[in-house]
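Asks: Predicted structure and sequence below. I'll ask about it afterward.
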Amino acid sequence: MSKHRLPLFYAVTVLFWMSVYAYVPFVTPYAESMDADFRLIGLIAGAYGFVQMAIRFPLGILSDKLRKRKIFILAGLLFAALSGAVVFFAPHPVSLLVSRGFAGVTAATWVTVTILGASYGTADDTIKIIGRLTAATGAAKLIAFLLGGLIAEWLGVRHAFLLGGITGFAGLLLGLGILEKTPDMPVGDAPKLSALLTVTRNRQLLCAALLAVFSQYVQFAITFGFAPMLAVRLGAEPYHLGLLGLIVAAATLLVSPHMGRLLKAIGATYTLGGAFALAALGSVLMAMCQSLWQVFAAQLLIAIGAAGLMALLMGLAIRDIPNETRATAMGFFQAVYGLGMFLGPFVMGWVSHSFTFNTAFLATGGVGVLGIMLSVLFVKRGWVR
């Protein structure tokens, strides 16, 4: 641990995601309180994924070409600090849209965090390290949602955004001390663009990315999109919204580290299909919620399913990819699933505007069912091992 400064690396990882998630439960209710309609709210919530979809892949290629990871992590932390500050100092639906775009830039640099972390171990350690990083993400969300909820309750929702800005800046300062590890290759032998792009033809990477689109669609449409708005309509106070996010963080923290072991024990069909089934069931139940505790229960099911899927799919995506092109592969993977992060809240906003809230929840459950079907197909064909 001391050789790679892992405690510091994990601490920066925690601050990285704290800065992004400190205010997430309040974004859509805060936008609605400013009289934004469902379509604009969906766009605000989807901006986070849209930016990631646009820049993650080229960012991964650039990281591999430069053989640098740390500089991108620091840039992400800078945008995280700006994301929280812009809403605190200029609260408006437009600043919320800008803020979520900045947060998307931060999240796009997560590709370099995961690749740098994975480089500290061997190929066989990939899923284990990714699981630990995902657990660190869960810990960050746990702290962020708890503190964000309390601060929003005591000082007002704007101060939850300030918390995000402060933690982003703190992460930036600590990040100066993390260890850069250049991929093992002779100087001047950085991979050519054509070689980097060949990773996108890896069948397991492609299948994992497509499944991640469906997973992120469900999670960002509901968990980080419209579930908080439903909770507010059922009487939730700011601290309830923090607890709603806390469920997601706890699920990530508890479930993610064990997915590699579960995959080996029962196989890909049951792990992937079962996780999608939980997410789909939670989405359908969300449409039937009549009380706040029912929203919490449905949120828990979605959170467990989504946490398991992300830990599995991230590990599977880069398992057979050489270290020198892993940032490209992870950038591609995360850029593709950014489509789900954008489409989930965007489509749900339009469906809610055109039909009803409940119709949108049920339609999102259908996306989870499609994820089950594709998981079974990919494993049966041998495309996911």
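Replies: Looks like it arrived, so ask away.
Asks: Pull stretch 262-272 out as PDB, backbone CA atoms only.
Replies: In PDB, the C-alpha atoms belonging to stretch 262-272 read as follows (Å, rounded to 0.1, in the frame of the first residue of the first chain):
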ATOM      1  CA  LEU A 262     -20.500 -14.000  -6.900                       C
ATOM      2  CA  LEU A 263     -19.700 -14.100 -10.600                       C
ATOM      3  CA  LYS A 264     -17.400 -17.000 -10.100                       C
ATOM      4  CA  ALA A 265     -19.900 -18.800  -7.900                       C
ATOM      5  CA  ILE A 266     -23.100 -18.700 -10.000                       C
ATOM      6  CA  GLY A 267     -22.000 -17.500 -13.400                       C
ATOM      7  CA  ALA A 268     -22.700 -14.500 -15.600                       C
ATOM      8  CA  THR A 269     -26.300 -15.400 -16.500                       C
ATOM      9  CA  TYR A 270     -27.600 -15.300 -13.000                       C
ATOM     10  CA  THR A 271     -25.500 -12.400 -11.700                       C
ATOM     11  CA  LEU A 272     -26.200 -10.100 -14.600                       C
END
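Asks: May I see the buried residues of it?
Replies: Using 16 or more other Cβ atoms under 10 Å as the test for burial, stretch 262-272 gives L262, L263, A268, T269, Y270, T271, L272. Any C-beta I mention is one placed from the backbone N, CA and C, and that applies to glycine too.
Asks: ok, now which ones touch the closest residue to the last one other than its chain neighbours?
Replies: Beyond its immediate neighbours in the sequence, the residue positioned closest to L272 (Cβ to Cβ, 6 or more residues apart in numbering) is S375, lying 3.8 Å away. With contacts taken as Cβ atoms under 8 Å, 6 or more residues apart in numbering, S375 has the following neighbours: L211, A268, T269, L272, G273, F276, V384.
Asks: do you know how far S375 is from D320?
Replies: The gap separating S375 from D320 is 19 Å, by Cβ to Cβ, to the nearest Å.
Asks: now do L8
Replies: With Cβ to Cβ as the criterion, L8 and D320 are 30 Å apart.
Asks: got any ranges where the stretch 101-250 of the chain has weak pLDDT?
Replies: 121-127, 182-197 (pLDDT under 70).
Asks: F169: neighbour count?
Replies: Other residues within reach of F169, judged by other Cβ atoms under 10 Å, total 19.
Asks: Need the mean per-residue confidence for the helix or strand where V87 lies.
Replies: If you go by DSSP states H and E, V87 is part of helix 70-89. Averaging pLDDT along helix 70-89 gives 95.
Asks: what comes up buried for the very next helix or strand once past that helix?
Replies: Next along the chain after helix 70-89, taking DSSP H and E as the criterion, comes helix 93-108. Burial within helix 93-108, assessed by neighbour count using 16+ other Cβ under 10 Å, is assigned to 93, 95-108.
Asks: Show me the contact partners of helix 93-108.
Replies: 16, 19-20, 27, 30-31, 34, 36, 40, 43-45, 47-52, 55-56, 59, 75-77, 79-80, 82-84, 86-87, 161, 168, 334, 338.
Asks: Just the buried residues from those, in PyMOL please.
Replies: Per 16+ other Cβ under 10 Å, the buried members of the contacts of helix 93-108 correspond to this PyMOL selection:
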select buried, resi 16+19+20+27+30+31+36+40+43+44+45+47+48+49+50+51+52+55+56+59+75+76+77+79+80+82+83+84+86+87+161+168+334+338
